[in-house]
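A.B. asks: Sequence first, predicted coordinates after that:
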Amino acid sequence: QVQLQESGPGVVKPSQTLSLTCTVSGGSITTNNYYWSWIRQPPGKGLEWMGALFYSGRFYYSPSLKSRTSISRDISKNQFTLQLSSVTPEDTAVYYCARGPWIAEYDFWGQGTQVTVSS
């Protein structure tokens, strides 16, 4: 059973960079043909895909967030990380990491972590 766990600060100040880490257990982030995604859900809104890491090391980003988003990985720790720069209160959301066979299809999710952007 693959398990994902998000970690990071619960509060970030406007204009700062948000950094979240997803730690994976029960499976490797280099397992063939899987995408490892970051998804968020602002209060009262739907899910928004932010970006993904393919098992091969290739990265994909949402066009609307590409200029502010960076995803990286640490294979030795079986982790992948999201950085979102220049945050505003509109970036307040529950942030999830997930695995799936396609970018828009997920079979395992983390429990999510609340991030609030506030001064």
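C.D. replies: Here it is on my side, so go on. All figures in this text were calculated on a predicted structure; none of them were measured in a lab.
A.B. asks: contacting residues around the residue nearest to the spatial centre of the chain?
C.D. replies: Nearest to the geometric centre of the chain sits Trp38, at 2.6 Å (Cα atoms, centre = their mean). Applying Cβ atoms under 8 Å, 6 or more residues apart in numbering, we find Trp38 in contact with Leu20, Cys22, Trp49, Met50, Gly51, Ala52, Ile71, Leu82, Tyr95, Tyr96, Cys97. Placement of C-beta: from N, CA and C, glycine included.
A.B. asks: neighbour-wise, which of the residues you listed leads?
C.D. replies: Counting neighbours by other Cβ atoms under 10 Å, Cys97 comes out on top of those with 31 neighbours.
A.B. asks: For that one, name its beta-bridge partners.
C.D. replies: Following DSSP bridges, Cys97 is listed with bridge partners Trp38.
A.B. asks: check contacts around it.
C.D. replies: Applying Cβ under 8 Å, 6+ apart to Cys97 gives the contacts Leu4, Glu6, Leu20, Cys22, Trp36, Ser37, Trp38, Ile39, Phe80, Leu82, Trp109, Gly110.
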